[in-house]
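Peer 1: my questions concern the predicted model and sequence given below.
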2 protein chains.
Amino acid sequence: MSNDLPLSKENILDAAEQVLRRFGPDKTSVVDVAKVLKVSHGTLYRHFSSKSALREAVTERWLQYNISEPLKNISEHFDGNAKEQLRLWMDTLIRSKRTYAVDDAEMFAMYAAVTLEAVDMITLHVDQLIGQIAGIIEKGIQSKEYRVVEPVVTARAIFNATSRYHHPAHAIEWQSATIDQDFASVWDLILSGICL
Amino acid sequence: MSNDLPLSKENILDAAEQVLRRFGPDKTSVVDVAKVLKVSHGTLYRHFSSKSALREAVTERWLQYNISEPLKNISEHFDGNAKEQLRLWMDTLIRSKRTYAVDDAEMFAMYAAVTLEAVDMITLHVDQLIGQIAGIIEKGIQSKEYRVVEPVVTARAIFNATSRYHHPAHAIEWQSATIDQDFASVWDLILSGICL
């Protein structure tokens, strides 16, 4: 049975996400998604040339919606000083990752796998987040909370220095009883480095 | 054919390492190692109760010999200030991991896998390394290079803040063209945090 409605990228990604959640990333093929959409696999291959392109696109949308956008909101709208804002931004990143690792385990596992493969997409995602941190640092320099630094360089250093607490490869360590205490010490070290 | 010589732990680990390198961690069983040693597998099971216990013991020795001991030497014997000593210690850790990831890929892959399973052994290994950093920090506090901090807490924070550059889960990122520059920015941030 064929479907004559025009396929939007969103329709395809909705169907792909649904199939990926049901069968898991390893067992989902472009053909499975074509079946759900009731289109030929030729039609779908015109949008996504491979299983990995499909996984990457679904992960990209998932990251945008679940991670980047809520954090962008914190980086742009916040009543308080830059020190509190940066902490809230980082706590939200860390808490979101931990929550998804448990409550949305299939998508999180796919994201962890895609992180190792789709280097360009992940680099863009990380650069977006670093841009958000840089905005908060600029604000903190203006308010004389932070030393005068190059905002993007320092933002990248902060992001990388906290990898253990948000990079999916460390998810197993997030179950440790001392993880919050460990993060607090890293955060103190970072604040000593950036605050006036 | 049986072997009547008494089995030392070192003999077993030598044989196990040899078999693990030849067949890979997934395909190596306690029985394979028993064959190489020409002993019954019952004899070997008295020393190592499972495949994973064997992998863990081989990895533990490999880490001790290749990572902990060379770093211990730097933490105990160094002509220079504490700032240079800490940088040399960290550079050596990072360079060793990167070198083994490429030049001793089988053992490195096993270590990466064991890191996810043998939490207690890895915790002990990491605590040894943190103790070494703490020693350097104490020296730097005495020489008035570093602020007065709690050495072990700050040492742990420095180790965790540099995870991206030495934790095996990040090995794929070590191939990035910007990895050294990224590390340099994290290091600058850490130094700003600890130096007077």
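Peer 2: Everything's here; your move.
Peer 1: residue A:171 and residue A:112 touch, don't they?
Peer 2: Yes. Contact criterion C-beta atoms under 8 Å: residue A:171 and residue A:112 qualify, at 6.9 Å. Where you see a C-beta, it was placed from the backbone N, CA and C, and this is true even at glycine.
Peer 1: higher neighbour count, these two?
Peer 2: Between residue A:171 and residue A:112, counting by other C-beta atoms under 10 Å in any protein chain shown, residue A:171 is the more crowded of the two (20 against 17).
Peer 1: what distance do you get for the more buried one to chain B?
Peer 2: 10 Å (C-beta to the nearest C-beta, to the nearest Å).
Peer 1: so what's that residue up against?
Peer 2: A:97, A:101, A:108, A:112 (C-beta atoms under 8 Å, 6 or more residues apart in numbering or on different chains).
Peer 1: likewise residue A:32?
Peer 2: Listed by C-beta under 8 Å, 6+ apart, the contact set of residue A:32 reads A:19, A:23.
Peer 1: any idea which element it lies in?
Peer 2: Here residue A:32 sits within helix A:30-37, counting by DSSP states H and E.
Peer 1: and for residue A:28?
Peer 2: Residue A:28 belongs to no helix or strand, assigned by DSSP H and E.
Peer 1: per-residue confidence for it?
Peer 2: Looking at residue A:28, its pLDDT reads 85.
Peer 1: which SSE is the residue nearest the centre of chain A in?
Peer 2: Note on chain A: the residue nearest the mean C-alpha position is residue A:63, at 4.0 Å, using C-alpha atoms, centre = their mean. Here residue A:63 sits within helix A:51-63, counting by DSSP H and E.
Peer 1: in that helix, which residues are buried?
Peer 2: Of the residues in helix A:51-63, A:51, A:54, A:55, A:56, A:57, A:58, A:59, A:60, A:61, A:62, A:63 count as buried by neighbour count, 16 or more other C-beta atoms under 10 Å in any protein chain shown.
Peer 1: please, where are all the helices along chain A?
Peer 2: Per DSSP state H, chain A carries helices over the ranges A:9-23, A:30-37, A:41-47, A:51-63, A:69-76, A:82-103, A:105-117, A:119-142, A:151-161, A:163-166, A:179-194.
Peer 1: any buried residues in the third one, and which?
Peer 2: Same thing as helix A:41-47. Across helix A:41-47, burial judged by 16+ other C-beta under 10 Å covers A:44, A:47.
Peer 1: report the rounded mean pLDDT for it.
Peer 2: When pLDDT is averaged along helix A:41-47, the result is 88.
Peer 1: picking up where we left off before, if I look at the nearest residue to the residue nearest to the centre of chain A once chain neighbours are set aside, what pLDDT would I see?
Peer 2: Nearest non-adjacent residue to residue A:63, counting by C-beta to C-beta, 6 or more residues apart in numbering or on different chains: residue A:125, 5.3 Å away. Per-residue confidence at residue A:125 stands at 98 (pLDDT).
Peer 1: on that earlier part again, what's the angle between the helix holding residue A:32 and helix A:51-63?
Peer 2: Our comparison of helix A:30-37 with helix A:51-63, counting by axes from the mean of the first three to the mean of the last three C-alpha atoms, to 10 degrees, yields an angle of 60 degrees.
Peer 1: export helix A:30-37 as CSV, just CAs?
Peer 2: In CSV, the C-alpha atoms belonging to helix A:30-37 read as follows (Å, rounded to 0.1, in the frame of the first residue of the first chain):
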residue,chain,number,x,y,z
VAL,A,30,15.8,2.4,6.2
VAL,A,31,13.4,-0.3,4.8
ASP,A,32,11.6,-0.7,8.2
VAL,A,33,11.0,3.1,8.3
ALA,A,34,9.7,3.1,4.7
LYS,A,35,7.2,0.4,5.7
VAL,A,36,5.9,2.4,8.6
LEU,A,37,5.5,5.4,6.2
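Peer 1: where does chain A dip in pLDDT?
Peer 2: Residue ranges of chain A with pLDDT under 70: A:1-5.
Peer 1: returning to that earlier point: of the buried residues of helix A:51-63, closest to residue B:155?
Peer 2: Of all the buried residues of helix A:51-63, residue B:155 sits closest to residue A:63, with 33.4 Å by C-beta to C-beta.
Peer 1: hmm, residue A:145 is touching residue A:195, no?
Peer 2: Yes. Proximity of residue A:145 to residue A:195 meets the contact threshold set by C-beta under 8 Å, at 6.4 Å.
Peer 1: these two: which is more packed in?
Peer 2: Taking other C-beta under 10 Å, residue A:145 and residue A:195 do not tie; residue A:145 has more neighbours (19 against 14).
Peer 1: that one and chain B: what is the separation?
Peer 2: Distance, residue A:145 to chain B, by C-beta to the nearest C-beta: 15 Å.
Peer 1: any chance of the backbone angles for that residue?
Peer 2: Note on residue A:145: its backbone torsions stand at phi -80, psi -40 [degrees, to the nearest 10].
Peer 1: what sits against it?
Peer 2: Residue A:145 neighbours (C-beta under 8 Å, 6+ apart): A:81, A:82, A:83, A:195, A:196.
Peer 1: can you do 6 Å?
Peer 2: Shown in contact with residue A:145 (C-beta atoms under 6 Å, 6 or more residues apart in numbering or on different chains): A:81, A:82, A:83.
Peer 1: one more: residue A:159?
Peer 2: Going by C-beta under 6 Å, 6+ apart, residue A:159 touches residue A:130.
Peer 1: next one: residue A:13
Peer 2: Neighbours of residue A:13 in contact, by C-beta under 6 Å, 6+ apart: A:58, A:61.
Peer 1: against chain B, how distant is it?
Peer 2: Distance, residue A:13 to chain B, by C-beta to the nearest C-beta: 26 Å.
Peer 1: what's the answer for residue A:87, then?
Peer 2: 16 Å.
Peer 1: number of residues surrounding the closest residue to that residue other than its chain neighbours?
Peer 2: Excluding the flanking residues, the one nearest residue A:87 by C-beta to C-beta, 6+ apart is residue A:187, at 7.2 Å. When neighbours are counted by other C-beta under 10 Å, residue A:187 registers 20.
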